[in-house]
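>>> Pasting the sequence and the predicted coordinates here, then a few questions.
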Amino acid sequence: MGRLINSRYELDDLPIGRGGMGEVYLGRDTKLDREIAVKFIRFPNGLSDKDYVRRFVRESRITARLEHPGVPAVYDVGTDGNQPFLVMQRIHGISIADLVAENGPLPVGWASAIAAQVCAVLAVAHSASLVHRDLKPSNLMLEPDGGVKVLDFGLAVAPDQPDFSRITVTGQPLGTPAYMAPEQIQASITGPATDLYALGCTLHEMLTGERVFTGATSYDVMSKQVAHRPPPIRSVRDDVPAPLEELLLQLLEKRPEDRPADAHAVYRRLVPLSTSLGPLPGALHPPATPSPTRMYAAVLSQVFVGVTGSGNVPPQPVAGPASTVAPIRPEPAAAKKPQPRHQRQGAGSRPRPQAAAAVPNRGRVTEKVRRLVAQSRYDQAADLLESAIADAARTSGLAGPEALELRLAWADVLFDGGDYRSAGREYRQLTVDVAGQGDDEGSLRCRLKAATCTALTGHPSEALDELQGLLLDQRRLFGDGDPRTSELRRQIGLLQLGAGQRDDAEQTLSRLLADLSEQRGRDDPMTREVSDLLVQVRRSGLN
């Protein structure tokens, strides 16, 4: 054995893999005497960054809530010196990348079955506001019993606060070019549809042994992802069923909204094709070898068979979002905590939590929330705020000044913790309640956050509609030359890029550049930034 970290984890001398984001070691947890895998994360540009560590811990804690048989368990997170690491369940098997490299194209049934299992994982993850961001064959592991594990959830990116302008963090778009969706390349926007595009690239590779797009450089590949249509797979492999070709082409659509609705929909189309799952040389245990996992799954596959008439294949993932993942922010029970604002019947209509009487004053709550957030303990911060909201609502109502301030803090904690769906619902209600207090500027801020949540949950076109309406009101309140208005216009242009509306994006950004040049001059930092962005767009051949 090599080094010992955290006085507990004994690591092998050499890593089993290295990549742009870090390296992985196998080892053993000496306290629990079990095999582990430890991933060390590299800092951008190789420079230590405390904020990066904080974001990494945040992402890891969110990921740890993803409880699903298709995802390796997260055991621990920490730092060794200044280098952050994640301790995970060790997985035995072969990566899909290695499987294809050794065996060539996979049988149609196996390619469909692997992709269907990935969809079962994505369905759970997306319901919890988690996006993989770097789905690819090397991040999929086929176990000897035929199960598939999706690796590196939440590790491909430790994101900054969501901002449509984050084209790059380290000088290159984040992800692997051969599997990156157009919106990820153009505007660094990732959502559920981004994972579906990457799944399409992976499925194509499993069926053909070749990547959808190749090129001499990463830039060439990314340009093709944005501008080239994928070849119909039946022109390469004629035994692929027409329904599978149709699904694959839909997964590889350039615009996110043109892809299938969600992972559930893709799963339902893949399951009927997941047949004839015979031996895969060097990958599976022989049929005579007992497999407790398959024994367990065989029983589950019979659940509701008589009711659905579906035979041995359930029409939905056996383990759906409600039963397999601890949600990032569960809907609070009425007898325990205040419900999200959109579900409330009215102030004071529900029992006060038992702990509410012991809630400290607002200053103490704010300070404790600040400390919890600094430690990436978002659930605990949200719980504390919810109890404080219930206390404030009993005296001044949910739209009273104290309750509003606490609700804004609660929505921000949900947002920072990655629960964009719940945060979006609360921001939308706050938009109304804050405006009712005469705070138009605060209401606009809530609308911007709500639209951001819409985009981050995979609905860029809806988010654009929200932002365009917001822009009209922001111009009325602040004026066209206000920095907040200019920033919103830039965000709209970048979101248009991510939504595949390239002509609209160039028009938006060109008009913004003209206005900034006149108002601030060509040497202003924002003017230069928008100018550089337009150069990137045009060089990429987007227009």
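Ah, there it is.

>>> Tell me how this structure divides into domains.
4-89, 94-280+291-324, 328-457, 460-543 (automatic domain parsing).

>>> and D76, what are its bridge partners?
Counting by DSSP bridges, D76 forms beta bridges with V87.

>>> Quick one: residues contacting it.
By Cβ atoms under 8 Å, 6 or more residues apart in numbering, D76 lies in contact with N6, Y9, L86, V87. (C-beta placed from N, C-alpha, C; glycine too.)

>>> Skipping adjacent residues, who's closest to the third one in space?
Spatial nearest neighbour of L86, excluding adjacent residues (Cβ to Cβ, 6 or more residues apart in numbering): K39 at 4.8 Å.

>>> Need the residues that contact stretch 4-15.
For stretch 4-15, the surrounding residues in contact (Cβ under 8 Å, 6+ apart) are 1-3, 23-31, 36, 38, 76, 78, 80, 85, 87.

>>> which of those are buried?
E23, V24, Y25, G27, R28, D29, I36, V38, D76, G78, F85, V87 (16 or more other Cβ atoms under 10 Å).

>>> Adding distance to K254, pLDDT and secondary structure as columns, could you present those residues in CSV?
Output for those, formatted as CSV (distance: Cβ to Cβ, whole Å; pLDDT from 0 to 100; DSSP: H, G, I helix; E, B strand; the rest coil):
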residue, distance to K254, pLDDT, secondary structure
E23, 34, 84, strand
V24, 33, 89, strand
Y25, 39, 92, strand
G27, 43, 94, strand
R28, 46, 95, strand
D29, 45, 95, strand
I36, 41, 95, strand
V38, 38, 92, strand
D76, 40, 90, strand
G78, 41, 84, strand
F85, 37, 89, strand
V87, 39, 93, strand
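
>>> tell me the two of those that are most distant?
Maximum pairwise distance in the buried ones among the contacts of stretch 4-15, criterion Cβ to Cβ, is 18.8 Å, between E23 and D29.

>>> Now do the same contact list for the nearest residue to P256 once chain neighbours are set aside.
With sequence-adjacent residues excluded and distances taken as Cβ to Cβ, 6+ apart, P256 is closest to A193, at 3.6 Å. Contact analysis of A193 by Cβ under 8 Å, 6+ apart lists A181, E183, P256, E257, R259, G458.

>>> and these, which two are the farthest apart?
Longest span within those, Cβ to Cβ: A181 and E257, 12.1 Å.

>>> of these two, who's got more company?
Using other Cβ atoms under 10 Å, the more surrounded residue of A181 and E257 is A181, with 31 against 14.

>>> next helix or strand past the helix or strand of the chain with the lowest mean pLDDT?
Using mean pLDDT, DSSP states H and E, helix 321-324 stands out as the lowest-scoring helix or strand of the chain, at a mean of 34. Counting by DSSP states H and E, the next helix or strand C-terminal to helix 321-324 is helix 362-374.

>>> so how far is that next one from its chain's centroid?
Remark: helix 362-374 is offset 27 Å from the chain centroid, using Cα atoms, centre = their mean, to the nearest Å.

>>> buried stuff in it?
Residues of helix 362-374 classed as buried: V365, T366, K368, V369, L372, V373 (neighbour count, 16+ other Cβ under 10 Å).

>>> got a list of contacts for it?
Outside helix 362-374, the residues that reach it (Cβ under 8 Å, 6+ apart) are 54, 359-360, 378, 380-381, 384-385, 388, 392, 402, 405-406, 409, 413, 416.

>>> Could you single out the nearest of those to G498?
When the contacts of helix 362-374 are compared against G498 (criterion: Cβ to Cβ), the nearest one is D416, at 21.5 Å.

>>> Could you verify my assumption that the closest one touches R377?
No: assessed by Cβ atoms under 8 Å, D416 is found out of contact with R377, at 11.2 Å.

>>> Okay, helices next: where are they in the stretch 151-300 of the chain?
182-187, 192-208, 218-227, 242-251, 263-270, 292-300 (DSSP state H, counting those that start in this stretch).

>>> which SSE is P84 in?
strand 83-89.

>>> Buried residues of the helix or strand encompassing L444, list them for me.
Using DSSP H and E, L444 falls within helix 440-456. The neighbour-count check on helix 440-456 (16+ other Cβ under 10 Å) flags 442-456 as buried.

>>> Just the CA atoms of it, as PDB, please.
Only the C-alpha atoms of helix 440-456 are listed here, as PDB (Å, rounded to 0.1, in the frame of the first residue of the first chain):
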ATOM      1  CA  ASP A 440     -40.200  46.700  -7.700                       C
ATOM      2  CA  GLU A 441     -36.400  46.300  -7.900                       C
ATOM      3  CA  GLY A 442     -36.500  43.300  -5.500                       C
ATOM      4  CA  SER A 443     -39.300  41.800  -7.500                       C
ATOM      5  CA  LEU A 444     -37.200  42.000 -10.700                       C
ATOM      6  CA  ARG A 445     -34.300  40.300  -8.900                       C
ATOM      7  CA  CYS A 446     -36.700  37.400  -8.000                       C
ATOM      8  CA  ARG A 447     -37.900  37.200 -11.600                       C
ATOM      9  CA  LEU A 448     -34.300  36.900 -12.800                       C
ATOM     10  CA  LYS A 449     -33.600  34.200 -10.300                       C
ATOM     11  CA  ALA A 450     -36.800  32.300 -11.200                       C
ATOM     12  CA  ALA A 451     -35.800  32.500 -14.900                       C
ATOM     13  CA  THR A 452     -32.400  31.200 -14.100                       C
ATOM     14  CA  CYS A 453     -34.000  28.300 -12.300                       C
ATOM     15  CA  THR A 454     -36.100  27.600 -15.400                       C
ATOM     16  CA  ALA A 455     -33.000  27.400 -17.600                       C
ATOM     17  CA  LEU A 456     -31.100  25.300 -15.200                       C
END
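
>>> coming back round to it: which one of the domains of the chain has the lowest average pLDDT?
With a mean of 75, domain 328-457 has the lowest mean pLDDT of these.

>>> Is V38 in contact with G22, as I believe?
No: the pair V38 / G22 is not scored as a contact, 10.0 Å apart, by Cβ under 8 Å.

>>> quick one on the thing from earlier: whichever helix or strand comes after the helix holding L444 versus helix 440-456: what angle between them?
Later in the chain than helix 440-456, the nearest helix or strand by DSSP H and E is helix 460-478. Relative orientation of helix 460-478 and helix 440-456, computed by axes from the mean of the first three to the mean of the last three Cα atoms, to 10 degrees: 170 degrees.
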